[in-house]
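Enquirer: Predicted model and sequence follow; I will ask about them next.
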Amino acid sequence: MKNNNLLIIIIVAVVVGIVAFFAGTKYRVSQFAAGNFQNGAFRQRGMMGQGQNFRPVRGDIIGRDDKSITVKLSDGSSKIILFSDKTVYLKSSTGSKDDLKTGDKVMVIGTENSDGSVTAQDVQINPPAIGNFNRAQ
């Protein structure tokens, strides 16, 4: 009788563990697919820069108008970031260029133009400090 109870408890524990594992896996996949940018995970197109002139820029916003922001880099230089109709603005949820304020920290993914400015593809507001993105480019 004791052996049967112990066997039933072990089987139930294994089944609960398997169900919890698969439920957790499904939850994580749904969270990544929903955001693709949360917790510092860049969307695939952002990481690759669509194959040309990939240029991450990280720093503080020191100027802003409707078509661009100016970002101060850690080396003291600055970079002009141009917005396009395709620019995506991200914070913990999708934002807009109206969310960009002077003094905010940003990380920008985009293509570098011949004049040294960058046309933004993604602008992350208050990015997490992770990996190689801890330093400005």
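Expert: Sure, I can see it.

Enquirer: switch to C-alpha atoms for all contacts and neighbour counts from now on
Expert: Will do.

Enquirer: Give me the three-state assignment for Leu7.
Expert: Here Leu7 is recorded as helix under DSSP: H, G, I helix; E, B strand; the rest coil.

Enquirer: and if you look at Gly110?
Expert: Recorded secondary structure, Gly110: strand (three-state DSSP).

Enquirer: what's the burial count for it?
Expert: Using other Cα atoms under 10 Å, Gly110 has 27 neighbouring residues.

Enquirer: Identify the bridge partners of it.
Expert: Arg55, Ala120 (DSSP bridges).

Enquirer: can you pull the pLDDT of it?
Expert: pLDDT for Gly110: 89.

Enquirer: And for Asn39?
Expert: 44.

Enquirer: what does the domain assignment say about this structure?
Expert: Following the assignment in automatic domain parsing, the chain carries domains at 2-35, 44-134.

Enquirer: Now the weakest link among those, please, by mean pLDDT.
Expert: Between the domains of the chain, the one with the least mean pLDDT is domain 2-35; it has a mean of 73.

Enquirer: List the residues that contact Thr119.
Expert: Thr119 makes contact with Ile81, Leu82, Phe83, Ser84, Gly110, Thr111, Glu112, Asn113 under the criterion Cα atoms under 8 Å, 6 or more residues apart in numbering.

Enquirer: can we see that at 10 Å?
Expert: For Thr119, the contact set (Cα atoms under 10 Å, 6 or more residues apart in numbering) comprises 55, 68, 80-84, 86-87, 108-113.

Enquirer: Please report how far Asp66 lies from Gly116.
Expert: Noted for Asp66: a distance of 19 Å to Gly116, by Cα to Cα, to the nearest Å.
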